[in-house]
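J.: Build the 3D model from these lines:
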Amino acid sequence: MSQDPINLGGTASALSADSTKETRNGLFFALAAYGSWGLFPLYFSLLAEVPSVEVVANRIVWSLAMMTIWFLLLGRWREVWSALRQPKVFGILALTGFLISGNWLTYVWAVGHGRATEASLGYYIVPLVNVATGYLLLSERPSRLQLVAIVIAFLAIALQIILLGTIPIVSLLLAFTFGSYGYLRKIVPVGANLGLLIELIIVAPFALVYVVYLQSSGLGHLSLSDPMISVLILITGILTAFPLIWFSMAARRLRMSTIGIMQYLNPTLQFLVAVFLLNETVPAGKLVTFGLIWLSVLIYSYDAYRSRRREPRPPALQV
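T.: As a prediction, the model looks like this:
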């Protein structure tokens with residue numbers, strides 16, 4: 001009895017097509033996530049008349065509402081209760097919750113005070129802070145090119161202090177709060193979306209009390225001001241939840257080397273929006289700082305691409 005031959009070529013072609021489609025979808029989701037984050041200065045500039053603390057408090061409350069709906073739709077609420085019952089996980093996520101809240105507050109304040117370029121500089125530095133943190137706290141040995149990139153970044157900050165006589169406080173606060181956040185999230189066994197939801201559950205009571213106080217005392221902007229401002233405040237929840245969901249979808253489909261390079265789309269867009277749409281000026285001394293940071297970014301990205309291009313596709317990230 002003869003048997004039909006197995007069409008290995010057709011199977012390979014189908015797998016290749018599926019892989020290509022997954023990669024294409026991953027790129028789309030990554031562009032959506034990083035593009036959204038990169039346009040944040042434009043959005044938060046529209047809320048410049050609202051105090052930064054009020055903006056962030058509302059962002060926390062409405063982000064919690066969005067993430068709760070998302071997890072209920074996915075039927076993942078058991079994961080939330082399971083994580084909340086683990087004291088170590090709860091403690092770390094409480095700390096990261098306040099760290100990310102501080103990061104958001106710094107960012108919103110910077111945009112509202114015409115310092116979005118400084119904010120973009122901070123997010124350029126974040127990956128280099130992550131490398132330094134990995135070396136100091138996780139015994140992760142950086143490559144030679146990574147060390148060169150870190151040295152150039154520190155040189156850039158030092159030159160700004162010398163040339164302009166100012167310390168880029170906003171940039172450093174954003175870089176180190178987010179770098180610390182990244183380190184702590186790396187050591188806790190919880191996915192990105194689940195972790196954010198638990199962080200919001202922990203910090204939201206403080207934010208909600210503040211929002212209720214403002215509204216009851218007639219000082220809040222949520223329903224007592226221009227209707228457009230109220231809508232913009234409410235939308236902060238969507239703007240927080242959806243880019244993270246898109247990023248999670250991208251991380252499942254793309255190599256980490258690709259994600260690592262695409263992450264710079266965020267601060268690049270922030271810089272362009274700040275300069276060309278928000279009309280922020282960049283002094284010559286600060287341009288020197290940015291030039292050196294961009295050089296360190298190129299070195300870091302080249303090293304990441306070179307060291308990972310031969311690696312097999314990693315397992316899907318937990319989200």
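J.: Could you find the closest non-adjacent residue to Q160?
T.: T289 (4.3 Å; C-beta to C-beta, 6 or more residues apart in numbering). Backbone N, C-alpha and C define where each C-beta goes, glycine included.
J.: For the helix or strand where that neighbour lies, name the packing helices and strands.
T.: Assigned by DSSP states H and E, T289 belongs to helix 284-308. Secondary-structure packing of helix 284-308 (3 or more C-beta pairs under 8 Å, 6 or more residues apart in numbering; DSSP states H and E): helix 116-137, helix 144-164, helix 256-262.
J.: Tell me which of those is the most buried.
T.: Between the helices and strands packed on helix 284-308, helix 116-137 has the highest mean count of neighbours, a mean of 22, where neighbours are mean count of other C-beta atoms under 10 Å.
J.: name the helices or strands packed onto that one?
T.: If contacts are counted by 3+ C-beta pairs under 8 Å, 6+ apart, helix 116-137 sits against helix 40-45, helix 87-112, helix 144-164, helix 169-187, helix 265-272, helix 284-308.
J.: hmm, who's touching the shortest one?
T.: Read that as helix 40-45. Defining contact as C-beta atoms under 8 Å, 6 or more residues apart in numbering, one finds that helix 40-45 is touched by 55, 107-108, 111-112, 116, 119-120, 232, 239, 270, 273-274, 277-278.
J.: Between those residues, identify the one with the most neighbours.
T.: V111 (29 neighbours; other C-beta atoms under 10 Å).
J.: For that one, which non-adjacent residue is spatially closest?
T.: Nearest residue to V111, sequence neighbours excluded (C-beta to C-beta, 6+ apart): F44, at 4.3 Å.
J.: ok so, going back, next, the angle from the helix holding T289 to helix 144-164.
T.: With axes from the mean of the first three to the mean of the last three C-alpha atoms, to 10 degrees applied, the angle from helix 284-308 to helix 144-164 works out at 170 degrees.
J.: who touches helix 284-308?
T.: Contacts of helix 284-308 (C-beta under 8 Å, 6+ apart): 117, 121, 124-125, 127-128, 131, 143, 145-146, 148-150, 152-153, 155-157, 159-160, 163-164, 168, 255-257, 260-261, 264, 271, 282.
J.: Show me which positions of that helix end up buried.
T.: Neighbour counts over helix 284-308 (16 or more other C-beta atoms under 10 Å) mark 286, 288-290, 292-297, 299-301, 303-304 as buried.
J.: likewise stretch 27-42?
T.: 29-30, 32-34, 36-42.
J.: Who are the packing partners of the helix-or-strand element of the chain with minimal mean pLDDT?
T.: Scoring the helices and strands of the chain by mean pLDDT, DSSP states H and E places helix 256-262 at the bottom, with a mean of 74. If you count contacts as 3+ C-beta pairs under 8 Å, 6+ apart, helix 256-262 packs onto helix 8-38, helix 284-308.
J.: Quick one: these as TSV, columns for mean pLDDT and distance to I69 too.
T.: Listed next are those as TSV, based on pLDDT from 0 to 100; distance: least, C-beta to C-beta, whole Å:
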stretch	mean pLDDT	distance to I69
helix 8-38	76	19
helix 284-308	85	36
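J.: What are the phi and psi values at P168?
T.: phi -70, psi 70 (degrees, to the nearest 10).
J.: pretty sure it is touching L159, no?
T.: No: counting by C-beta atoms under 8 Å, L159 is not a contact partner of P168; they are 10.9 Å apart.
J.: With distance to A251 added, can I get the helices and strands packed on helix 116-137 in JSON lines?
T.: Formatted as JSON lines, the helices and strands packed on helix 116-137 follow (distance: least, C-beta to C-beta, whole Å):
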{"stretch": "helix 40-45", "distance to A251": "20"}
{"stretch": "helix 87-112", "distance to A251": "18"}
{"stretch": "helix 144-164", "distance to A251": "21"}
{"stretch": "helix 169-187", "distance to A251": "13"}
{"stretch": "helix 265-272", "distance to A251": "15"}
{"stretch": "helix 284-308", "distance to A251": "14"}
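J.: So which of these is nearest I198?
T.: Evaluated with C-beta to C-beta, the helices and strands packed on helix 116-137 place helix 87-112 nearest to I198, the distance being 4.8 Å.
J.: got the contact list for L159?
T.: With C-beta under 8 Å, 6+ apart, L159 has these contacts: 285, 288-289, 292.
J.: so how far is F290 from it?
T.: 11 Å (C-beta to C-beta, to the nearest Å).
J.: and what of G191?
T.: Plainly put, G191 is 34 Å away from F290 if you go by C-beta to C-beta.
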